[in-house]
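Participant: This is a predicted model, with the sequence first.
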Amino acid sequence: MDTFKTPITRLARLFLKSRDAWKAKALDKQRRLRAAQVKIRDLEASRAYWKDRALAARDDSAAEGEGESPETVERLVRVPPPGHHHSLLVMQLTLRMYLEAGLGSRGVPHVLSLLTPWLPVSVPAHTTVLNWVYRCGLAILQSSPERREDWIFVADHTLGLGASKCLVILGIPASRLVKTGYSPDHHAMQVLAVEVTTHSTGAWVASILRNVAERTGPPMQIVADHGSDLHKGITLFQQEQASRASAYKFSTKHNLSAVVIVPGSLAALLGHALLGGLLFQQIHAKVTDRGQNRWSMAFADAAGVF
């Protein structure tokens with residue numbers, strides 16, 4: 001120590017700091033090494049699985065011609081995919097019971113547990129059920145909708161959840177609207193956008209409509225309520241689409257028109273939009289006879305609205 005001119009206390013601090021730095025570096029290297037080993041193990045298992053599947057498919061194809069045998073398909077359905085604990089059969093049954101039978105995330109596992117004596121199914125946790133549903137919904141949101149010229153957008157905000165609220169844009173082609181009798185249910189609609197914000201403005205709504213229109217093509221109608229931000233956003237969006245836009249008016253052509261509808265003020269809106277023509281008189285008479293909650297039937301009966 002006599003050869004060092006630096007005070008011993010300072011040297012001790014420097015040596016301690018250097019040791020800690022090398023120790024942290026070694027621990028980080030060990031963590032990365034362990035992560036690489038786990039990844040290699042998973043890749044080897046996945047490679048072996050898909051190799052066995054390819055060889056089995058080739059053998060079945062050579063023995064029976066093209067396609068997989070029923071036994072192979074049944075085995076693949078019952079064997080969990082790589083990285084999963086449940087088979088494709090369980091996933092399909094879970095999603096169908098949740099989405100089509102109306103069972104909740106806790107009801108689905110209960111029903112599957114009742115079927116275990118007769119079917120080769122495992123029972124997922126309720127959090128797993130929700131995770132599968134969320135993934136299914138995310139896949140639908142990320143998928144590209146069909147580009148058409150007759151899209152009708154339905155835009156609305158959810159109630160505020162804390163500091164945030166959500167803008168949902170649904171879509172339905174006008175041709176499909178006719179097939180539903182102008183009373184579409186959830187299955188006839190397609191979710192085009194779900195956006196969360198803490199501050200909704202007209203410019204923000206217009207940007208969302210613009211992004212959706214780039215994927216679907218310009219809509220022929222936009223249905224919304226009298227929210228100020230929605231009203232402003234639709235107006236800005238129409239101004240950007242000036243060559244195709246016709247503000248707040250029904251159109252029978254493939255141009256863009258915004259329809260802001262509240263059932264309580266339907267008659268006043270149609271009177272202003274259609275200027276008291278024969279078509280408006282027919283719709284108004286049917287709405288008056290049937291009640292404002294049946295306004296969709298009046299649209300269906302009045303020919304030429306869409």
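Facilitator: Happy to help now that I have it.

Participant: where in this protein is pLDDT low?
Facilitator: 1-2, 4, 60-76, 160-161, 242-306 (pLDDT under 70).

Participant: Where do the helices of it begin and end?
Facilitator: Secondary structure of the chain by DSSP state H: the helices cover 8-64, 70-78, 88-99, 107-115, 126-142, 174-179, 202-216, 228-240, 266-274, 278-290, 295-301.

Participant: May I see the buried residues of the shortest one?
Facilitator: Neighbour-count burial for helix 174-179, counted by 16 or more other C-beta atoms under 10 Å, picks out A174, R176, L177. For glycine as for every other residue, the C-beta is placed from the backbone atoms N, C-alpha and C.

Participant: same for that helix, what does it pack against?
Facilitator: Secondary-structure packing of helix 174-179 (3 or more C-beta pairs under 8 Å, 6 or more residues apart in numbering; DSSP states H and E): strand 151-157.

Participant: Just the residues contacting the strand it packs on, thanks.
Facilitator: 165-174, 177, 189, 192, 200, 205, 209, 212, 216-225, 227, 229-230, 234 (C-beta atoms under 8 Å, 6 or more residues apart in numbering).

Participant: need the contact list for P173.
Facilitator: By C-beta under 8 Å, 6+ apart, the contact set of P173 is E146, R148, D150, W151, I152.

Participant: Counting neighbours, which of those comes out on top?
Facilitator: Counting neighbours by other C-beta atoms under 10 Å, W151 leads those with 24 neighbours.

Participant: The nearest residue to it once chain neighbours are set aside: what's it in contact with?
Facilitator: With sequence-adjacent residues excluded and distances taken as C-beta to C-beta, 6 or more residues apart in numbering, W151 is closest to P219, at 4.4 Å. Contacts for P219 (C-beta under 8 Å, 6+ apart) come out as W151, I152, F153, G171, A213, L256.

Participant: Please repeat the previous calculation with a cut-off of 7 Å.
Facilitator: Residues near P219 by C-beta atoms under 7 Å, 6 or more residues apart in numbering: W151, I152, F153, A213, L256.

Participant: Go through these and name the one nearest L27.
Facilitator: Nearest to L27 among the contacts of P219 is A213, at 51.5 Å by C-beta to C-beta.

Participant: quick one on the thing from earlier: would CSV of the helices of the chain with distance to D185 be doable?
Facilitator: CSV is the format used below for the helices of the chain (distance: least, C-beta to C-beta, whole Å):
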stretch, distance to D185
helix 8-64, 39
helix 70-78, 31
helix 88-99, 13
helix 107-115, 22
helix 126-142, 16
helix 174-179, 11
helix 202-216, 20
helix 228-240, 23
helix 266-274, 21
helix 278-290, 19
helix 295-301, 12
